[in-house]
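**Student:** Sequence first, predicted model second:
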Amino acid sequence: MNPARKRTVRLTVALSAAVVLAAALIYTSFSAASPALTPSQLLAQARPGHSYQLTGKVLAGSVRRSGSTLDFSIEDRAGGAVVPVAYTGTVPDPFREGREVIVTVEKRNGAYVGERDSLITKCPSKYSAGPPSAGKQSF
Amino acid sequence: MLVAIVTVLLLGIAILVISAPLRATRSAPEPDGDDELAALGIAREVKYREIRDAELDYRTGKLSQADYETVDATLRSEALSILDRLTELGEQDAD
Amino acid sequence: MAGLGGACLLLALAVCVYGIGASLYGVRRSRPEFSDSGRRAVYALAGILTVAFAVLEIAFLRNDFTFNAVADTSSRTTPGFYRAAAVWSSQEGSLLLWAWLSSLWSSLALFLTRNRMRDVASYATAILLGFAGFFISLMVFYANPFATTRPAPLEGAGLDPLLRFPTMMIHPPMLYSGYTLCTVPFAFGMGALLARRVDAEWIGAVRRFAFAAWFLLGVGILLGARWSYSELGWGGYWGWDAVENASLMPWLTGTAFLHSLMIQEKRGMLKVWNASLVLATGTLAIMGTFLVRSGILNSIHAFGGQTLGVPFVCLIAVMIVGSIYLVVSRRGMLRSEHRLDSLLSRESIFMANNLVLVGLCFVIFWGTYFPLISEALTGHEASVGPPWFDRYTVPLALILVLLSGIGPAIAWRRATFANARRNLLVPALLGLGTVALLLVGGVPGDPGALAMFGCGAFVIGCIGQEFQRGVRARRAMSGEVPPVALLALVRRNRRRYGGYIVHLGIVVLFVGVAASSSFKHSVEPTLSVGQSSKVGAYTVHYVRPTATVSPAQDAAHTGSTLALGAVLDVTKNGRHVATLYPSEGFYASDEPSQGSVGSLIGGQPVSHVAMDAGVTRDVWSAIAPDLETPQLKRIVQIGNKTIPFARPEDALIAVAFLARSYLQHPPPAQFHFIVSPLVMWIWIGGLIVIGGGLIAIWPSGLALRRRARALARAESAQPGAGAEQGLARV
């Protein structure tokens, strides 16, 4: 094979490998992703057995700890729909009522169960580097 | 008051620093060949390093004797052409 | 004073505008005095911004609450060190830090190239001033660090307790140094394309800048991971969070660039690729800066302030469009001078390494920006989690590690196949043998981890072999004893052996990552005093609770009002291993609704983890004490009712009473224990990378130049005869 042909072959192989990787990437990302929903969207769309990323504010007065489960409710940022969540796992330091959180939930037997260790709290102050799931309970 | 004084001071220093080249009288502009000379000088150093690298490759067992001699000869002829061009430029300058 | 700061910003903006104009005029009209003036504008900018930064820093140290930035992020009770560092914990202060660092690096880079590449440097000056001007404009028009409120509030909000850790405070300046340094090779890359000059001189200069950026960015990333692991309450060092990824992406393209630049230097190839890489690195760095402060992605690092999003998007769009346009329009001068000699050559391994690094970057890019992509394509926002990232990055990382071992065993230009095969045999056996040994030794059969261990052993074998053979070759020439020969070998071949050390560090780091992620044991028990819990091979016994009140006694000196913790006794097979003292700090909040006593401890609680770090494993512990028991809540309520806000000393006594009550009747507390094997090797690997990098970049000094001059003289006297002299040194 002359050098020019060799180069074309190499280029084709490399490009094909890249295309295959990209295709695999793109395909799995869409199927592995969990949609981000607000409480009102979740109540409308949630199907049992699928996991969703629930984002919203922690409803004041709704936080209760019973054993290893933390129960709290999440409401829409602008107020409105409320979703109760039963969560187990690490609770980030900044977690408290009124803060914005993201938690992966799944609808099981009519109730919303939080996926273990998936609770993330957004830091409220304008410029704060906050932690991912930090391990502690707070007020 | 203090703020105003410091601000004016800063402005003054900045203007002095920035305008220095504009106020200085310039000697003759640099020859154009300077850039090519500098680039060739660096290319020469790079080529020398390549020659040393090739020898190190041979001595650490990555190349057979025959392959090393081929590579070494190629690199040295490339180095020579760089040196030739440098001498050329040097002669041009001397003219 | 704030007036001085504001005036500095305006002055700085004016200097930027002038500098851009002067540099461009100087290069287009061949008036070198204007180019020089433009360069001096950068120096002036650095000076002005230093004054501005000093003004802000002094305001923080003096607790001048007329400055909004100080009032928002600092307080009288914030300890001195954190007050000084709080400057960059606010949006405005961080912009000033960015602009200041950028001006410093730009000045340094332009000073170092002041006598060379004048046309390239002029364009680079304009671009660097453009970046600085952008950030200064943001401050002047959107987020002014010198904004004031009069009358000044009596007390500030205080530094977020989560940031009160030494590593956390050094991490932003390090990371920003990395980000801002990435703009320098970007500017010189653009400059070279604009001036149509991509030659050996440019390569040498841009390599140094790219290395500095790569180095500081890498240190920043390592510090961030270390902070996350040793100070935060989740016990992990990497979460594939958007902001972590944003800093990793330019580092990956920077690594690729450092490798492929060597090919361009030697063979005049890959010019288009390198130009694209250097421009991409700068763009990714700006995108990283943007991500952290725009809140467009659901990251816990969302800084809010949507207003800054639009200008950044415009800047990034300009950078991308400009880069693509320049590379396409200059593709004629970017044509390769040579072709690849052979697939079996170090050049081709480097190219493979580049592909893997860029592939990694693409995977991370896709995953990080996926919420935006999915929203744009499907209308629904969705995100991918760590498992998805792991699935793709682990195999790519394995390939990368393999390549870093194969590369050293292959010669430049064209390797001899028989030799290569022979060189790789022993390390390959070492790798396979290691895997077999581990399996026999009872290590759980985790394929990813075992593959990494095997590849790691292979690479260590390759690198060790390189050192051994190099020393042997040197000793054949000089007869030195091995240690001296080793030093001389490394000293004379810094780039090669420094590079090998960097690869060694990376491998050690990956082995640490593989072991600590695949084989860690984690439990979250709720324990009462006297109870124990098993984690891995260790037993942790809750001996007794601890409590400290008031900042003076706060062991971490972070200013917490109350810190509750535990004394833990860690044993293994009955033998005492360590005593750990984790605690949780409760800080004052600024919410009066919590009451006079409640507000002293109602602020964000922060975990202070305690760990026993060891060479083979870390034992990590964290505690979440329960302050919600009826008894303790009652104390707070009574305190709130009976103690007025005007008597904080009495409220503090109430907190002390709370602490005593906690000590006398401690409720069960929630704990988190983790045993991670080989975590220490991640930090050790990082240090090795740093050391190797420094060795690689260290200038080689006079010896090489002298030798080269001697060779030149010999060559011109007798062409071809110079071969025996001077070069026969390894």
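**Tutor:** On my side now, so go ahead. Residues are numbered from 1 along each chain as shown, chains lettered A, B, ... in the order given.
**Student:** For stretch C:178-191, give the mean pLDDT please.
**Tutor:** In this model, stretch C:178-191 carries a mean pLDDT of 94.
**Student:** typed the wrong thing, it's stretch C:357-369
**Tutor:** For stretch C:357-369, the per-residue pLDDT averages 92.
**Student:** and that stretch, is it in reach of chain A?
**Tutor:** Yes. Using CB under 8 Å from any CB of the partner chain, stretch C:357-369 comes into contact with chain A via C:359, C:362, C:363, C:366, C:367. Any C-beta I mention is one placed from the backbone N, CA and C, and that applies to glycine too.
**Student:** Tell me which residues are up against that stretch.
**Tutor:** If you take CB atoms under 8 Å, 6 or more residues apart in numbering or on different chains as the criterion, stretch C:357-369 is touched by A:18, A:21-22, A:25-26, A:29, C:240, C:242, C:245-246, C:248-249, C:252-253, C:255-256, C:277, C:284, C:291, C:297, C:373, C:384, C:388-389, C:392-393, C:396-397, C:400.
**Student:** So residue C:560 is in contact with residue C:606, correct?
**Tutor:** Yes. Residue C:560 is within contact range of residue C:606, at 7.3 Å (criterion: CB atoms under 8 Å).
**Student:** where exactly do the helices run in the stretch 551-700 of chain C?
**Tutor:** Taking DSSP state H, counting those that start in this stretch as the test, the helices found in the stretch 551-700 of chain C are C:598-601, C:630-642, C:648-664, C:680-697.
**Student:** So which of the ones you listed is nearest chain B?
**Tutor:** Chain B lies closest to helix C:680-697 among those, at 13.3 Å (CB to the nearest CB).
**Student:** The closest one near chain B at all?
**Tutor:** No. Using CB under 8 Å from any CB, helix C:680-697 stays clear of chain B, coming no nearer than 13.3 Å.
**Student:** That helix packs against which elements?
**Tutor:** helix C:200-231, helix C:494-518 (3 or more CB pairs under 8 Å, 6 or more residues apart in numbering or on different chains; DSSP states H and E).
**Student:** residue ranges of the strands in the chain, please?
**Tutor:** Let's take chain A. Remark: strands assigned in chain A by DSSP state E are A:34-37, A:51-58, A:64-66, A:69-75, A:82-88, A:100-108, A:111-114, A:120-121.
**Student:** Not quite, go with chain C.
**Tutor:** C:382-383, C:521-523, C:526-527, C:532-535, C:538-549, C:562-572, C:575-580, C:583-586, C:606-608, C:610-613, C:617-624, C:669-677.
**Student:** which residues sit against the second one?
**Tutor:** For strand C:521-523, the external contacting residues (CB under 8 Å, 6+ apart) are C:235, C:533, C:534, C:535, C:536, C:672, C:673, C:674, C:675.
**Student:** Show the contacting residues for the third one.
**Tutor:** If you count contacts by CB under 8 Å, 6+ apart, residue C:534 has them with C:523, C:540.
**Student:** where's it relative to chain B, distance?
**Tutor:** Distance of residue C:534 to chain B, computed by CB to the nearest CB, to the nearest Å: 51 Å.
**Student:** which one's the longest helix in chain A?
**Tutor:** helix A:3-32 (DSSP state H).
**Student:** contacting residues for the residue nearest to the spatial centre of chain C?
**Tutor:** Closest to where the C-alpha atoms of chain C average out (CA atoms, centre = their mean) is residue C:221, at 2.0 Å. The contact partners of residue C:221, taken as CB under 8 Å, 6+ apart, are C:175, C:178, C:244, C:247, C:248, C:251.
**Student:** picking up where we left off before, and the helices of the stretch 551-700 of chain C as a markdown table, adding distance to residue B:21, mean neighbour count and mean pLDDT?
**Tutor:** Putting these into a markdown table (distance: least, CB to CB, whole Å; neighbours: other CB atoms under 10 Å in any protein chain shown; pLDDT from 0 to 100) gives the following:
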| stretch | distance to residue B:21 | mean neighbour count | mean pLDDT |
| --- | --- | --- | --- |
| helix C:598-601 | 60 | 23 | 81 |
| helix C:630-642 | 69 | 15 | 87 |
| helix C:648-664 | 61 | 17 | 87 |
| helix C:680-697 | 31 | 19 | 94 |
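**Student:** Tell me which of those helices sits nearest to residue C:434.
**Tutor:** Closest approach to residue C:434 among the helices of the stretch 551-700 of chain C is made by helix C:680-697 (15.0 Å; CB to CB).
**Student:** Other residues contacting that closest one?
**Tutor:** For helix C:680-697, using CB under 8 Å, 6+ apart, the contacting residues are C:208, C:211, C:214-215, C:218-219, C:222, C:225-226, C:237, C:490, C:494-495, C:497-513, C:515-516, C:613-615, C:618.
**Student:** I'd say residue C:156 and residue C:77 touch.
**Tutor:** No. In this structure, residue C:156 is not within contact of residue C:77 by CB under 8 Å, at 9.1 Å.
**Student:** that older thread, hmm, which of the contacts of stretch C:357-369 are the buried ones?
**Tutor:** By neighbour count, with 16 or more other CB atoms under 10 Å in any protein chain shown, the contacts of stretch C:357-369 hold A:21, A:25, A:29, C:240, C:242, C:245-246, C:248-249, C:252-253, C:255-256, C:277, C:284, C:291, C:297, C:373, C:384, C:388-389, C:392-393, C:396-397, C:400 as buried.
**Student:** Among those, which lie within helices?
**Tutor:** Residues from those lying in helices, with DSSP H as the criterion: A:21, A:25, A:29, C:242, C:245-246, C:248-249, C:252-253, C:255-256, C:277, C:284, C:291, C:373, C:388-389, C:392-393, C:396-397, C:400.
**Student:** Can you tell me the element whatever residue of chain B ends up closest to chain A falls in?
**Tutor:** Of all residues in chain B, residue B:74 sits closest to chain A, at 16.7 Å by CB to the nearest CB. Using DSSP states H and E, the element containing residue B:74 is helix B:65-94.
**Student:** packing partners for that helix?
**Tutor:** helix B:33-59, helix C:702-717.
**Student:** do that again at 6 Å, thanks
**Tutor:** Judged by 3 or more CB pairs under 6 Å, 6 or more residues apart in numbering or on different chains; DSSP states H and E, helix B:65-94 is in contact with helix B:33-59.
**Student:** Which neighbouring elements make contact with the helix it packs on?
**Tutor:** Helices and strands touching helix B:33-59, by 3+ CB pairs under 6 Å, 6+ apart, are helix B:65-94, helix C:200-231.
**Student:** how about 10 Å then?
**Tutor:** helix B:65-94, helix C:118-141, helix C:200-231, helix C:242-267, helix C:447-478, helix C:482-492, helix C:494-518, helix C:702-717 (3 or more CB pairs under 10 Å, 6 or more residues apart in numbering or on different chains; DSSP states H and E).
**Student:** ok, the fifth one near chain A or not?
**Tutor:** No. Using CB under 10 Å from any CB of the partner chain, no contact is recorded between helix C:447-478 and chain A, whose separation bottoms out at 17.0 Å.
**Student:** Just the buried ones from the contacts of helix C:680-697?
**Tutor:** Looking at the contacts of helix C:680-697 with 16+ other CB under 10 Å, the buried ones turn out to be C:208, C:211, C:214-215, C:218-219, C:222, C:225-226, C:237, C:490, C:494, C:497-513, C:515-516, C:618.
**Student:** From residue C:374, how far out is the spatially most central residue of chain A?
**Tutor:** Of all residues in chain A, the one closest to the mean position by CA atoms, centre = their mean is residue A:53, 4.0 Å from it. According to CB to CB, to the nearest Å, residue A:53 and residue C:374 sit 12 Å apart.
**Student:** list residues touching both of these two?
**Tutor:** Residues touching both residue A:53 and residue C:374 (CB atoms under 10 Å, 6 or more residues apart in numbering or on different chains) are A:33, A:35, A:36, C:381, C:382, C:383.
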